[in-house]
Each structure stands twice: as structure tokens, then as C-alpha cells.
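# structure of the sequence below:
(chains A and B)
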There are 2 protein chains.
Amino acid sequence: MSPVDTLANAVLAGDRRALARLITRIENRAPDAAAALAALFPHTGRAYIVGITGAPGTGKSTVVNALARTLRAQDHTVGIVAIDPTSPFSGGAVLGDRIRMTDLAGDRGVFIRSMANRGSLGGLAAATGDVVRVLDAAGFDIVLIETVGAGQSEVDIARTAYTTIVVDAPGLGDDVQAIKAGILEIADILVVNKADRPGADNTVRALRAMLELGHRLRSAGHHGPLLNQDDAPPEPALDLWTVPILKTVATEHAGLDELAEAIERHRAYLGESGLFEERARQRVQAELATRLREELLARLLDDRSPAAVADVIERILARRLDPGSAVRELLNGR
Amino acid sequence: MSPVDTLANAVLAGDRRALARLITRIENRAPDAAAALAALFPHTGRAYIVGITGAPGTGKSTVVNALARTLRAQDHTVGIVAIDPTSPFSGGAVLGDRIRMTDLAGDRGVFIRSMANRGSLGGLAAATGDVVRVLDAAGFDIVLIETVGAGQSEVDIARTAYTTIVVDAPGLGDDVQAIKAGILEIADILVVNKADRPGADNTVRALRAMLELGHRLRSAGHHGPLLNQDDAPPEPALDLWTVPILKTVATEHAGLDELAEAIERHRAYLGESGLFEERARQRVQAELATRLREELLARLLDDRSPAAVADVIERILARRLDPGSAVRELLNGR
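Okay, here's the model as predicted:
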């Protein structure tokens, strides 16, 4: 058996060290990672993938940990992928894993992995998708993807999930409100965490008003940002799913059963409405497009002489050739 | 003269309504925008481009506005491109423009444009680059790009700038600290805004410690995230530029002259060290790569039968074909 098959088989057999090693190889874009992923692919498609995102200060990491404990109590195994905006510059991802592990330590039904936002964005989104797939093949029932949700990058990553939870909290500042507005539209479930704080009911009311505004805009044909997006899926029939707004106090473990139940209800809704299959198809299309872009560019650059590429770059720098015309010239192989 | 030439010429002649119209056409990817950009391209390369980013709550918009007033007092014309994470869902971008305009209202030497983070990330980065180019051609001496700096997306956009300012403030929460660490490494100049608040000196000290840590890591060969990036430029000779840490109270207009002076010093440093040309070359390379990826994918999909593409997608959905093998199959035209 090749070393790659050995690694893939060890992952399938539940070997946690093999799992960690393969994820590291994916993060590092090791050449053998693709073969292991191909070997694991037929074993994927069983995990249910939940995205959890929210602005800074909402306590979403605590919600993720509390939700994982609730799901464990229901006998589900849980994989957690936390997208950590902290770069290797500060070593935050590794530190984060250790802090989080203390909460769920020693439970073999949980696997936690933080991924630092290193390298290009497309790279992170692709690596996240592959890591989720490995956890799926390894047999985890539910995979939670946690993102900070502060940028388009995190929103893109959260979109790989089947059910997306957006966490909010009372008493956040204006800047955070602006961030929130951008991610609200991807929510299948809204959570107001820290609901024991003053203003929690106001936050619930404000979210409900924003949801209703969004619904009216959509009904009136203002489809929002998706219309301008390359791989934009058609707006799903949102009318049939009313986004619930749940209150939690994750530090006290309050409201988590209701959250787990809402995830189950959304999962059933996706299945019954046919949206689950529709979204799976959209995800595959988006992933194919991303991979094709990278591979096509690599092949083109292999095919053109470095001198020709360098010449085009020099002419752009001298403002004698604009980038749009440069692209046409390189594609035509002149 | 064609309508496109008319629009480009009106922009060159300083017509602000033509400028606004062309930017809208770029945002909407109107077909004639490419021709206008090509016509304007020979007139670009004169503006100095400054990126300003910072975590939520640092007051960076106030810093941007105060800096614009300082630059105006020095007789520079200023274009501002504010990347607004608020989606059209809330109408935030348009509202933001109106609020900001009141501060610099009626000054024809300033042009402000907010861009909502709609559509794909690559789309926003490309549109931002094109809008900056239009402001450059329109004759603005300095273009300020403001981003929230909370995700890789904003970091990518800030990288289009020649000088990047990262704004911090005392007394932000832990989540914000994590975000900060991710963007610190792109700073040419650090600003501690709200410096009249308690803890400002602690913030300065903490930033200095993080900078020194980063410097040591780099010297020891740990290059951080850039090594894993597709279009990663080689690490510049950072040793020659000591990142200054400046204190401002933007609401009181304090510390802005020093900030403008630091920008000038960095500009002179880039020119004298040869880094300006090196970075310009890297930016052109990255832009070419992005455009080629999109165009290559569009051509491939034009060339393949929709039935063949649909068949590949169905086989991935049935887990009979993994995405990596699917890419190879589509590229080989089977």
C-alpha cells in the first residue's frame, strides 16, 4: 500500500494523529494531499455541515463550544474547524486550539482544528473545504465551521455550510453593526448571545426589523449583493423558511438545546424542499470554477515564454499597454 | 467621438459627474467600462496611493477624514475610496457617503466614493483597483483607500496601496486584538488613534513589542503567511524602514501633520530604496494573474459543451468523481 493510501485508511479507521497529519498536509499544500483527498472522497457526504459566524464581541466561540457539548450529549460526534484571523505572526491559531481544547478535552468524539488565515483567500476557502471533507470522511456526524464573519472571506467560507448561524449580542458598537448587516443575509438561524445582558430584547427586535426589511426588498425584486456575483446561486425560496431568532447565554449553557433543535428543523426543511440538493450542486459548481481558474493559469504560464510575460509586464509599467489589452495579448499567444 | 471616449475625456477634464458615472459603470461591470479604462490608462501613475485599515472601533474613518483635511491644507487634491462592508441590504454605502460628505462638503479638491462589498471578493478587489486608477487619471494627487481590515479581503485590497497605515486604539476587546494581529504585518505606519484615552501608551508599547517579535521571526527565517501565498512577493528589505508608531486624536485633529509627514517619508524611502518599482511590478503581476484566471475560465466554459460540464457535476454529487480528477477531465476536453 502506498503511504498515501495508508494515511487515508488510517483516517477512515479513526486514527486522530493521521487526521491531524493529513490536515497539516492540506494546509501546506503537500503534493500527496490531493491523492489522499481523492481516496477519501467516496466516503464523504454523510456529515452535516454547520457554519457559525458573527461579529467580534458576540461570544461566538463560546456558542460553538457550548453547541458542541450539547450535540455530544445527543450522541453526535463533532468536528470543529475554526477559521482564525490571527496570522502565524502571533501564533494565535495554535494557542487558540489549546485554550479551546480544555473545554472539551479528552472527548474522542470531538476534534478541533484552528486554521490561520495565511496565504491567499482562495487558498483558505479551498483548504477549509478540503479539511471539512476529511472530517466528513473520518466519520464525524456534524462539522461546525466557525468564522469571525467580518469580511467577505469569512462569508464565502460560511457559505460552504448547509445551515448558517449568525451570532449577535446586545451592546455592540456602530462599526460592528455595519459588519453585522453584511452577514445577516446569509443567516438561516439568528442567535442573540449574552441574552442576560441589558438590551437583549432590543437586539432581537432590531434583528427582526432588519430581516423583514430584507424580505421586503427581495420580494420587490432588489436581490441584493448576490446578483453581482460570479458564481451566484439563484436566490432560494426564502419565503418558506422563517429565520428563527434564538436567545442564548452560552457561558451558562442556556438556550443550546433550542439551537440544536433549530438546526435539525432547518436540516429537515432543506431536505423536504429540495434545497439541499440544489445548494450541493451550487457548491460543486463554485468549487470546480475556483479549481479550474487556478489550473488554467498554471498551464498558460507553463506554455508562454517567461520573456513574453516579462515584456508584457514592462509595457504595463511603462503605461504603454493597459491590463485588459495585456490579457488579450497573452491569451492569444503572441 | 464615441460615447466611451467622451466619458473618458470628461473624466480627464475634471467633470465630477462623469467621474461618478464611470465609477458606477465599473462597479456594475458595464461592457464599455473596459474601453474607458484602457483610454484612461496612459494618464495614470501620478497619484500616490495610501491604504488605511484598522479593526472596528479604532475610529479609522475619522482618521481618514482628518488626514484628507490635512492633505487639502497642504494643497493636495484627495480621492477617497471607502470599502464598506455593509451590503446593499442595509443601504449602508450610500448613507455613509452622505454622512462623510458633510465633513468635506463643497470642496472640489476632494472626491469620496464608498464601495459596498457586493459580489465576489475578487470582483471587489478588481473594481477597487480600477476605481483608484480612474481617480488617478482624473488628476487626484493622493488616493486614500479605507478598508475595515477585518478579513483577508481587506488586506488584499490594502496591498494595492503604496503606503499602508494600520489604525489601532486603546481599550479594544480580545476579538479585535486577534483581528489586529493579522493585519499588523502589512503596516508601513502604525497609528494609535483616540490617544487621549487611558491606556494609549500601553497600546503603543504592545504594538512595538509585536513589531519587534515579527521582526525577529522574519530575521530567523519564519516568513509568516506570505510564503504560502500564490502571488506572494518576496519579503521586502523591511530592516531599512522602521515602522513608526504615531498617536492621533482624529476628532480633535491632533497628530495629523505628523501622519502626513510620515507618509511623505515612506514615499521617499520607497523611491530611494528601489522598492517602489519592485512593488509596482508585483502589483502588475498579481493583477494580470487575477484577470487571466477569470478570462481563461470564461473561455474554457465557452468551449466545453454544457452537457459535459453538467455530467461532471452530477458525478461529483454522486461521489463517483472527486473534484481534483474532475478538473483534469474538463481540462483535457473529454
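# residue A:51 and residue B:168: what is the separation?
Per Cβ to Cβ, to the nearest Å, residue A:51 is found 29 Å from residue B:168. C-beta here means a position set from N, CA and C on the backbone, and glycine is covered the same way.
# and residue A:318, how many neighbours does it have?
10 (other Cβ atoms under 10 Å in any protein chain shown).
# backbone phi and psi for it, please?
phi -90, psi 0 (degrees, to the nearest 10).
# how about residue A:271?
In terms of degrees, to the nearest 10, the main-chain angles of residue A:271 are phi -70, psi -50.
# give me the neighbour count for it.
12.
# can you check the pLDDT for it?
Residue A:271 carries a pLDDT value of 94.
# got the buried residues for the helix or strand hosting residue A:281?
Using DSSP states H and E, residue A:281 maps to helix A:275-303. By neighbour count on 16 or more other Cβ atoms under 10 Å in any protein chain shown, the buried set for helix A:275-303 is A:275-276, A:279-297, A:300.
# which strands and helices sit next to that helix?
helix A:121-137, helix A:256-273, helix B:275-303, helix B:306-317, helix B:323-331 (3 or more Cβ pairs under 8 Å, 6 or more residues apart in numbering or on different chains; DSSP states H and E).
# how about these in a markdown table, adding distance to residue B:81?
Shown next, in a markdown table, are these (distance: least, Cβ to Cβ, whole Å):
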| stretch | distance to residue B:81 |
| --- | --- |
| helix A:121-137 | 19 |
| helix A:256-273 | 38 |
| helix B:275-303 | 16 |
| helix B:306-317 | 37 |
| helix B:323-331 | 35 |
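# quick one, which of these is nearest to residue B:33?
helix B:275-303 (13.6 Å; Cβ to Cβ).
# from the chain's centre, how far out does that closest one sit?
Helix B:275-303 sits 16 Å away from the centroid of its parent chain (Cα atoms, centre = their mean, to the nearest Å).
# what is the mean pLDDT for it?
On average, helix B:275-303 scores 89.
# just want the angle from it to helix B:323-331.
70 degrees (axes from the mean of the first three to the mean of the last three Cα atoms, to 10 degrees).
# and for residue A:203, the neighbour number?
The tally of other residues near residue A:203 (other Cβ under 10 Å) stands at 22.
# residue A:16 too?
Residues lying near residue A:16 (other Cβ under 10 Å) number 12.
# tell me how far it lies from residue B:2.
For residue A:16, the distance to residue B:2 equals 65 Å [Cβ to Cβ].
# what's the answer for residue A:162, then?
For residue A:162, the distance to residue B:2 (Cβ to Cβ) stands at 49 Å.
# so for those two, which sits in the more crowded spot?
Neighbour count, other Cβ under 10 Å: between residue A:162 and residue B:2, residue A:162 has more, with 21 against 11.
# now residue A:170. Nearest residue, chain neighbours left out?
Excluding its sequence neighbours, the residue lying closest to residue A:170 (Cβ to Cβ, 6 or more residues apart in numbering or on different chains) is residue A:199, at 3.8 Å.
# if you could redo that for residue A:21, that was the one I meant.
Closest to residue A:21 by Cβ to Cβ, 6+ apart is residue A:7, at 6.8 Å.
# wait, is residue A:106 part of a strand?
No. Assessed with DSSP: H, G, I helix; E, B strand; the rest coil, residue A:106 is coil; it does not lie in a strand.
# what number of residues lie near it?
Residues lying near residue A:106 (other Cβ under 10 Å) number 7.
# same question for residue A:324.
17.
# what's near enough to touch it?
Each residue near residue A:324 by Cβ atoms under 8 Å, 6 or more residues apart in numbering or on different chains is listed here: B:34, B:37-38, B:291.
# please apply the same query to residue A:127.
A:26-27, A:29, A:115.
# now, those that are in helices?
Among these, DSSP state H puts A:26-27 in helices.
# list only buried entries from the contacts of residue A:127.
Neighbour counting with 16+ other Cβ under 10 Å marks A:26-27, A:115 as buried within these.
# can you give me the strands for the stretch 1-150 of chain A?
A:48-54, A:78-84, A:110-116, A:142-147 (DSSP state E, counting those that start in this stretch).
# for those, give me TSV that also has distance to residue A:252 and mean pLDDT.
TSV is the format used below for the strands of the stretch 1-150 of chain A (distance: least, Cβ to Cβ, whole Å; pLDDT from 0 to 100):
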stretch	distance to residue A:252	mean pLDDT
strand A:48-54	18	91
strand A:78-84	20	87
strand A:110-116	21	85
strand A:142-147	20	92
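# show me the shaky parts of the stretch 151-300 of chain A.
A:151-159, A:173-183, A:213-239 (pLDDT under 70).
# one more time with 80, if that's ok
A:151-159, A:172-185, A:210-239 (pLDDT under 80).
# what's residue A:30 sitting at in phi/psi?
phi -60, psi 140.
# now do residue A:249
For residue A:249, the backbone dihedrals (degrees, to the nearest 10) come out as phi -130, psi 90.
# can you count the residues close to the closest residue to it other than its chain neighbours?
Among residues not flanking residue A:249 along the chain, residue A:196 sits closest, at 4.9 Å (Cβ to Cβ, 6+ apart). The tally of other residues near residue A:196 (other Cβ under 10 Å) stands at 13.
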